[in-house]
Each structure stands twice: as structure tokens, then as C-alpha cells.
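>>> fold the following and give me the result.
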Amino acid sequence: MSLKNAIARSLKSDKYRFDPDAGLLIHSVKQHKGTFYTSLLGDYHVVRESIFYGVGLMYTNPVENAPIVSKLLERVCALEDCDADSKTYGVWPLYMEEPVQTRERPDWNWSDFCSKGLLQFIIDYSEYFEERLMDEVKRAVTCAAEAIMKRNVNPSYTNISVMGSYVTLAVGEYLENTEIAAYAKERFKKLFQYNMLVGCVSEYNSPTYTVEAITDLSLIRKHIHDAEIRDMADFLLDMQWKYTMEHFCAENGQWTGPHSRCYETIQGNRLLSFLQVGLGDRLRIIPEAVFEPEPLWAQSGMEIPEQYIAYATVHGIKSRMRHDVLNDEIHVQASLWRSGDYSLGSFSFCDFWTQRRPVIAYWGERSPRYMRLRLMHDDFDFACGLLQTAQIGNLVIGAVVLCNDHGDRHFSLDPICDKQIGAYYLALRFELGGEGILNDFEAVEQIENGVVLSFRNALIPILIGRRAFGSYCPEIRLVSERDMVALDVVWRSAERAVTIRLDDGIKAFTAFGTGIFRPEERENLKTVLGKISEKEGVITYDSGYSVHTVEYPERIGSYKELSSRMTSYERHCVKPSRHVWRVPSREDFGES
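Residues are numbered from 1 along each chain as shown. Predicted coordinates for the structure are as follows:
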């Protein structure tokens, strides 16, 4: 099946509910604890996805679909705030029924997302629409580009930095706006230099936003004609495709960790569909029946570089990787161990925002399983938790501490007030999941200071070390649900919500060790775990060849204070008899 036919089939599925009267798609809006940008609940007309739907219609059959898309474009242009004196100038609402001007907390990223989609009609499909309508679309993307310039996000905000660069570069070139063009080129250079200096992007290894960044870099490569910009885009595309494919596990179709931002811990057909678009006709990794490419992927012309294609199918890869992710006030490294379908990834430092996967293991081929580390405030992730780790192959040691100024459900959008929270449950959670995982769960073996969770194809040791919450020593509790088994280190538990003070100086920490082993490695487990030792504020793993140490504060404080005191380092015990760079002398060869 061709890419065009696959998109045409997808657009006719139940995923897309198009309302011809409104000219927009209908989405079912749900509220949950991570929702910050809308107060709606129920079926409403969605803006961004409607634009991308329109791109798909034009990509598959522009002549037949142009009348439908014309109405869609008219509706979308009318929904943008085009009042230059408004604080939401150049921004769209998420939903037609909720004007952006009425939102206390608009999503500023909609300037980037929506205008990116609208630019496709200007660049590739303008001949199918009336000149009057195209003038409206051009006005809309210009307003958005001006809003993007005013906001001027930092290069560390990877996907929006790339997306806004594409929008302003395209507006500058195709609408011949010299001011925006000059800004866009300087912005993209800054983005390029920032990422090349570190060697990777800040939104590192993100299953959602690496896809966005690759799509937008591919659009830059396709639509922007400035040779210098195209050259920089090639370098950035190679960087992102390289670590994407290095982290892809062909055995189970998972994107191995760690993940800076992630919405679904188990990746499904969306990831395989994305990679299939990048592979084109060179290789098939997903059955046609479940291949669901998204319109902008096809529109972008994305292509996986030839040198990384083998990662899509090769089984049995054994590797250890370590990348610097941040190296300024805070030093963050990402580590990954892989052996076939078994993997373990970790960040050396991270918070516990719900999109993070700071410690994540995968195993299993046909039915992938995972183990991830979370800090739970009731039934949601608690962003105020801070993690420091050291990874040694398929083992991680570390400590979790608590700050009081890094947000509850979100590190900036949901601040903690007066250093206190209401909670009925506060726990460090080692969560193991995957469809039908309880069918694989075999036993819990008690070991000194922890347990080994035995599954059909994996052993997950969890060592719980020194810990405290106030004057209380947290208990260890096993929890199981339909598709989840968890070991909780319970900091607080009550029948109803109570006020918990997070004042500076209160003890709140847990040290731990965990990893992933094959069942046949059971006899070696006690030996490995026996190499972990502790003292106040320190947990260490001594292999005999190298010593890995994590240091951490035990008491609550500010994010800045705690992050400056958390560190991990390693010391190698095997040293050469002489430095390899030293120029040898005659005496080295026994000559006088």
C-alpha cells in the first residue's frame, strides 16, 4: 500500500470525526490531573488536529478535497487572535468553543503548531484555493510568526525551538518578510550551535517530541532554500535519527530509555508507523493493516539516513551508551544498557514530572514489559521529587529526595503554595507493567533490604536502602492491579487527604538499587547486590574494578540548593603502569 493510500484510509477511520457544518474535527475532551490548558469536558471542535487533517486531505486528493479544506481554512483563520494589542496575539485556541482570549492559561505553542500546518497550504497547495483565502492564511501565519518572534523560546525547548524556526524561516522566505527572515536565520543558528555544543538535544530521546523535531527539521530541509540553513538541518537530522534508531529495539518495537518526555510508556503502532514513513520502500517493519501514517510525516518528506536503517530489524544488539544531555548549572548524563530485548536506561539527575522516564527498563518480545521509577502524590506523579543515579550496566543505584519549590503535577504550571500539600498517599514507586503482566508474575523473594520480583523472563531486584520521611521510616508495600505490579516505599498513607508540611530541614529521602536480569542470572544476583554499600547521604557500588558513588542531601530544601548538592561519580581501580601518552625513554626498554 502506498503512503498516500495509507493516509487516505486513515482519514476515513473513526479517529477522525469531521463536522462539515463547522468545518472542523470533533474530539472527545477528557479532564485529568495533568490537564492545564482547557476546562472543557465532552465533545468539542478541535483546531490543531483539524489543520493537520486538512493537510492530509490535500496530500491524498487535492482536487476533490479543496472545497472541504477551504471551509476548514476559513474557520481556522477566524479563530486566531489577530488583535496586535492582545496578549494572545497570534495564538489559536485548542477548541473552537473556548476562545483563546478567555483563557487564563493559553497554550502559546499553538502559534507554532497551527501555523506550521497552515504553511503547507501556502507552499504546496495554494493553486487549489481562491486568492482571497490564501491572503487570509498568509495573514494568519504572519501574525503567528510575529508572536513566535516575541516569545523567542530558548533552544533548550527543543521541539518548539525547531518548530518556531521552521515557521519563521518559511514566512520569511515565502512571504518575503525580511525582518522575520533575518530573525529566523539567527534563531536557527543559535539552536544549531546550542545542540552541537552539547552533542544532543535537551528533550533527549523523547518518543513524542523527537518525532515532532524530526518532522519539522525535515520540513526545513524540504522547503527552505538557504544553503547554510539546509546544511545545519542535515546535521541536526542526523543527530536525531542516530539516537532514535540506536534506542529502537527491533525485538519488541519499543523506544528504549531514558526519556526526557514521554506520554505512553509502552509504544504502539504510532512509533512503528513513524519509522515506516522514514524507511519508505527500503524496508517493511509494520503490517499494512495497522500502518497509520500521520499527514505531516508524509508531507515533510522525512527519510532515515541509510547508515541507520539496520537498527530497524537487527536483533540481539548488545551495547552500553552514555550521552551528556545538559552540562551547565546541572550536569545530566543519559545511560543505556541493552542486551537483545532487555534494556535499562537512566538519567543521572532528573525530576519526577509525569512526562519523565528517568529510570526505565524493558523486556519481552511479543508482549513488551516495563519497569519504571515514579514518585506518587496520591494517584499522580509528584514533580517535586529529585533523583540522582549512577548506572553500571544493567544495574542502577540512586537516591530520591524532595524539594519544596518545583511544582506538584507540573514543575512550573502547578506551583506548591506555602511549602505544603494535601495528600492521602505519598510513595516512591517501582512500577512494572505491560498488558497481562500478572500472568508472567511468578514470585516475590525476600532478600536483605529488599526483594526480587520474579517474572517469566526477567528478574527485577529492588534494594531499598536508608530512608526517612520526617521521623518516620517508610514501609515497603507490594501493590498489584490489572496490568501493573508495584513495590511502593510509602512515605505517607492515610484514609483521607491530610496536610503535609514540606519545610526546609525535614528529612525526606530513599536510597535504592534496581536493575534487570535474566532468570538464569539468579545465582549471581546476591553477589551483585552485595557490592552495594551505604552511609549517611551516600550509596556506592564497588565492582572491584570501578567504584560508583551517588551523594545526596537527606533533608527537604529548594530545588537550587538540593540539585547543587546531588552528584554521582565513578573511580576506576584499574590503572595502566604508565600513561599511554608519555614518550617512552630508553630505560623503558631495559637499555642503559
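
>>> hey, let's count contacts and neighbours off CA atoms from now on
Will do.

>>> the residue most central in space within the chain: what secondary structure?
Among the residues of the chain, Arg261 comes closest to the average C-alpha position under Cα atoms, centre = their mean, at 2.0 Å. Using DSSP: H, G, I helix; E, B strand; the rest coil, the structure places Arg261 in coil.

>>> who's in contact with it?
Glu203, Tyr204, Asn205, Ser206, Pro207, Thr208, Tyr209, Gln355, Arg356, Arg357 (Cα atoms under 8 Å, 6 or more residues apart in numbering).

>>> swap in Phe18?
The neighbourhood of Phe18, defined by Cα under 8 Å, 6+ apart, consists of Leu24, Leu25, Ile26.

>>> state the distance from it to Met96.
When Cα to Cα, to the nearest Å is applied, the distance between Phe18 and Met96 equals 14 Å.

>>> chain neighbours aside, what residue packs nearest to Glu329?
Distances taken as Cα to Cα, 6 or more residues apart in numbering place Ser564 nearest to Glu329, at 8.0 Å, with adjacent residues excluded.

>>> the one you found and Ile330 touch, don't they?
Yes. Counting by Cα atoms under 8 Å, Ser564 touches Ile330, with 7.4 Å between them.

>>> before we move on, back to that, among the contacts of Arg261, which pair sits farthest apart?
Tyr209 and Arg357 (13.8 Å; Cα to Cα).

>>> more neighbours, those two?
Taking other Cα atoms under 10 Å, Tyr209 and Arg357 do not tie; Arg357 has more neighbours (27 against 18).

>>> which residues touch the more buried one?
Under the criterion of Cα under 8 Å, 6+ apart, the contact list for Arg357 reads Gly257, Pro258, His259, Ser260, Arg261, Cys262, Ser346, Arg372, Leu373.

>>> hey, what's it bridged with?
For Arg357, the beta-bridge partners under DSSP bridges are His259.

>>> okay, helices next: where are they in the stretch 101-250 of the chain?
For the stretch 101-250 of the chain, the helices identified by DSSP state H, counting those that start in this stretch occupy 110-124, 131-151, 158-174, 178-198, 209-223, 227-246, in order along the chain.

>>> columns mean pLDDT and distance to Gly450 on top of those, output as a markdown table?
Supplementary listing: those in a markdown table, determined by pLDDT from 0 to 100; distance: least, Cα to Cα, whole Å:
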| stretch | mean pLDDT | distance to Gly450 |
| --- | --- | --- |
| helix 110-124 | 98 | 47 |
| helix 131-151 | 98 | 49 |
| helix 158-174 | 97 | 39 |
| helix 178-198 | 95 | 38 |
| helix 209-223 | 97 | 36 |
| helix 227-246 | 97 | 33 |
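
>>> could you single out the most deeply buried of these?
Across the helices of the stretch 101-250 of the chain, averaging neighbours per residue (mean count of other Cα atoms under 10 Å) puts helix 158-174 on top, at a mean of 25.

>>> count of residues packed around Glu104?
By other Cα under 10 Å, the burial measure for Glu104, its neighbour count, is 10.

>>> what pairs with the strand ranked longest in the chain, parallel or antiparallel?
Scanning the chain for the strand with the most residues, using DSSP state E, yields strand 484-501. Taking DSSP bridges as the criterion, strand 484-501 forms sheet pairs with strand 420-433 (antiparallel), strand 475-481 (antiparallel).

>>> now render those strands as a markdown table, adding distance to Trp363.
A markdown table is the format used below for those (distance: least, Cα to Cα, whole Å):
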| stretch | distance to Trp363 |
| --- | --- |
| strand 420-433 | 11 |
| strand 475-481 | 19 |
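
>>> and those, which one's lowest on average pLDDT?
Within the strands paired with strand 484-501, the stretch with the lowest mean pLDDT is strand 475-481, showing a mean of 93.

>>> where does the stretch 1-150 of the chain have low pLDDT?
Low-confidence segments of the stretch 1-150 of the chain (pLDDT under 70): 32-37.

>>> which stretches of it form strands?
All strands of the stretch 1-150 of the chain, identified by DSSP state E, counting those that start in this stretch, fall at 18-19, 24-29, 42-46.

>>> tell me which of the ones you listed sits nearest to Arg187.
Nearest to Arg187 among those is strand 42-46 (30.1 Å), distances taken as Cα to Cα.

>>> packing partners of that closest one?
Under the contact criterion of 3 or more Cα pairs under 8 Å, 6 or more residues apart in numbering; DSSP states H and E, strand 42-46 touches strand 24-29.

>>> and the strand it packs on, what's buried?
Under the neighbour-count criterion of 16 or more other Cα atoms under 10 Å, strand 24-29 has Leu24, Leu25, Ile26, His27, Val29 buried.

>>> and what of stretch 354-368?
Of all the residues in stretch 354-368, those buried under the rule 16+ other Cα under 10 Å are 354-365, 368.

>>> quick one: which of these is nearest Thr88?
Nearest to Thr88, judged by Cα to Cα, of the buried residues of stretch 354-368 is Gln355 at 26.3 Å.

>>> distance check, the closest one against Arg555.
With distances defined as Cα to Cα, the gap from Gln355 to Arg555 amounts to 25 Å.

>>> now swap in Val100 and tell me
Going from Val100 to Arg555 by Cα to Cα gives 42 Å.

>>> and if you look at Met484?
The spacing between Met484 and Arg555, counted by Cα to Cα, is 31 Å.

>>> who's more crowded, the two?
Set Met484 next to Arg555 and count neighbours by other Cα under 10 Å: Arg555 wins out with 21 against 18.

>>> residues contacting the more buried one?
Listed by Cα under 8 Å, 6+ apart, the contact partners of Arg555 are Val401, Leu402, Asp504, Gly505, Ile506, Lys507, Ala508, Phe509.

>>> same check, this time on Tyr559
When contacts are taken as Cα under 8 Å, 6+ apart, Tyr559 is in contact with Cys403, Asn404, Asp405, His406.

>>> hmm, Asn109 is touching Ile160, no?
Yes. If you go by Cα under 8 Å, Asn109 and Ile160 touch, sitting 7.0 Å apart.

>>> so where do the helices sit in the stretch 451-592 of the chain?
The residue ranges that make up the helices of the stretch 451-592 of the chain, judged by DSSP H, counting those that start in this stretch, are 522-529, 559-565.

>>> least reliable of those going by mean pLDDT?
Ranked on mean pLDDT, the bottom entry among the helices of the stretch 451-592 of the chain is helix 522-529, at a mean of 90.

>>> which strands and helices sit next to it?
Going by 3+ Cα pairs under 8 Å, 6+ apart, helix 522-529 lies up against strand 458-469.

>>> send me the strand it packs on as CSV with only the CA atoms.
Coordinates of each C-alpha in strand 458-469 appear next as CSV, following Å, rounded to 0.1, in the frame of the first residue of the first chain:
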residue,chain,number,x,y,z
ALA,A,458,13.1,-11.4,33.9
LEU,A,459,14.3,-10.9,37.5
ILE,A,460,13.8,-7.4,38.9
PRO,A,461,15.8,-6.8,42.1
ILE,A,462,14.7,-3.8,44.2
LEU,A,463,17.1,-2.9,47.1
ILE,A,464,15.6,-0.3,49.5
GLY,A,465,18.4,1.3,51.5
ARG,A,466,18.4,4.1,54.0
ARG,A,467,15.2,6.1,54.1
ALA,A,468,13.1,8.5,56.1
PHE,A,469,10.2,10.9,56.0
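
>>> not counting stretch 271-283 itself, show me its contacts.
The set of residues external to stretch 271-283 that reach it, using Cα under 8 Å, 6+ apart, is 3, 207, 211, 253, 284-286, 291-294, 297-298, 302-304, 309.

>>> buried residues in that stretch?
Along stretch 271-283, the positions that meet the burial threshold by neighbour count (16+ other Cα under 10 Å) are Leu271, Leu272, Ser273, Phe274, Leu275, Gln276, Val277, Gly278, Leu279, Gly280.

>>> what's the offset of stretch 140-160 from the middle of its chain?
For stretch 140-160, the distance from its own C-alpha centre to the chain's C-alpha centre is 20 Å (Cα atoms, centre = their mean, to the nearest Å).

>>> next: stretch 336-345.
The gap between where stretch 336-345 is centred and where its chain is centred comes out at 18 Å by Cα atoms, centre = their mean.

>>> now the helices of the stretch 101-250 of the chain in TSV, with distance to Pro67?
Supplementary listing: those in TSV, determined by distance: least, Cα to Cα, whole Å:
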stretch	distance to Pro67
helix 110-124	13
helix 131-151	12
helix 158-174	24
helix 178-198	31
helix 209-223	25
helix 227-246	34
